[in-house]
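Peer 1: have a look at this fold, sequence not included:
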């Protein structure tokens, strides 16, 4: 079983739609969690960190459920420019701050 | 300011050739990471340096892979006797020291082994 599991998609949604991505992880010792965005043939870039209390950044909301080992990302009012691959990422400190990535979920926002 | 840079951006090698991939981290970032990203997959950890010390090389797939950072700045990932399965994008990232600091990624080197 992979340490981080994501639905690879693609998710094809119309502009303005709300879309949600989910991710599960298997290592209960994982200590910090992130969503990264990766555009086609580009490097991953940090989108947002994920906290148990939930956090919001504009149209983006992230949530962590430690008991269920589950992370989510909600994108409201999606834009064409949101089209990308969204990577669920965790960090288990003690491993030198190395990041463990999911396979990524591809989002395509269409007119 | 300057981000992480990597060179070459693209490399084509014949099977059996040795290759060397370079990473220039952000100035002042003592932590440096190498990741391998195969097509359609997320990046996978290869190795980690803090300054010149290689603290974790658990992700290196075989003894054909070797990384160094002799002066605690620029790093080189070397792959000896390349195989087709080594074809991937090799990403370098750097960060400030300590837990939970954001890692900044370079543009990667796309290696194709024929």
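Peer 2: Nice, thanks for sending it over. Keep in mind the model is a prediction, meaning the values are calculated, not measured. Residues are numbered from 1 along each chain as shown, chains lettered A, B, ... in the order given.

Peer 1: which one is the one residue in chain A that gets nearest to chain B nearest to, not counting chain neighbours?
Peer 2: Per CB to the nearest CB, the residue of chain A with the smallest distance to chain B is residue A:101, at 3.3 Å. For glycine as for every other residue, the C-beta is placed from the backbone atoms N, C-alpha and C. Once flanking residues are discounted, residue A:101 sits nearest to residue B:42: 3.3 Å by CB to CB, 6 or more residues apart in numbering or on different chains.

Peer 1: which bits of chain A sit near chain B?
Peer 2: A:4, A:8, A:31-32, A:42-46, A:87, A:89, A:91, A:93, A:95-104 (CB under 8 Å from any CB of the partner chain).

Peer 1: show me the strands in chain A, by range?
Peer 2: Assigned by DSSP state E, chain A shows strands spanning A:4-6, A:11-14, A:19-25, A:32-38, A:44-50, A:55-57, A:60-65, A:70-75, A:84-91, A:99-101, A:105-110.

Peer 1: for those strands, give me JSON lines that also has mean neighbour count.
Peer 2: JSON lines is the format used below for the strands of chain A (neighbours: other CB atoms under 10 Å in any protein chain shown):
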{"stretch": "strand A:4-6", "mean neighbour count": "21"}
{"stretch": "strand A:11-14", "mean neighbour count": "14"}
{"stretch": "strand A:19-25", "mean neighbour count": "19"}
{"stretch": "strand A:32-38", "mean neighbour count": "21"}
{"stretch": "strand A:44-50", "mean neighbour count": "19"}
{"stretch": "strand A:55-57", "mean neighbour count": "12"}
{"stretch": "strand A:60-65", "mean neighbour count": "18"}
{"stretch": "strand A:70-75", "mean neighbour count": "19"}
{"stretch": "strand A:84-91", "mean neighbour count": "24"}
{"stretch": "strand A:99-101", "mean neighbour count": "23"}
{"stretch": "strand A:105-110", "mean neighbour count": "18"}
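
Peer 1: reformat those strands as CSV; add mean pLDDT.
Peer 2: Formatted as CSV, the strands of chain A follow (pLDDT from 0 to 100):
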stretch, mean pLDDT
strand A:4-6, 94
strand A:11-14, 96
strand A:19-25, 95
strand A:32-38, 94
strand A:44-50, 94
strand A:55-57, 93
strand A:60-65, 94
strand A:70-75, 96
strand A:84-91, 95
strand A:99-101, 94
strand A:105-110, 97
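
Peer 1: okay, those strands in TSV with distance to residue B:9 next?
Peer 2: As requested, the strands of chain A are exported to TSV (distance: least, CB to CB, whole Å):
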stretch	distance to residue B:9
strand A:4-6	27
strand A:11-14	30
strand A:19-25	30
strand A:32-38	16
strand A:44-50	16
strand A:55-57	31
strand A:60-65	30
strand A:70-75	30
strand A:84-91	20
strand A:99-101	21
strand A:105-110	23
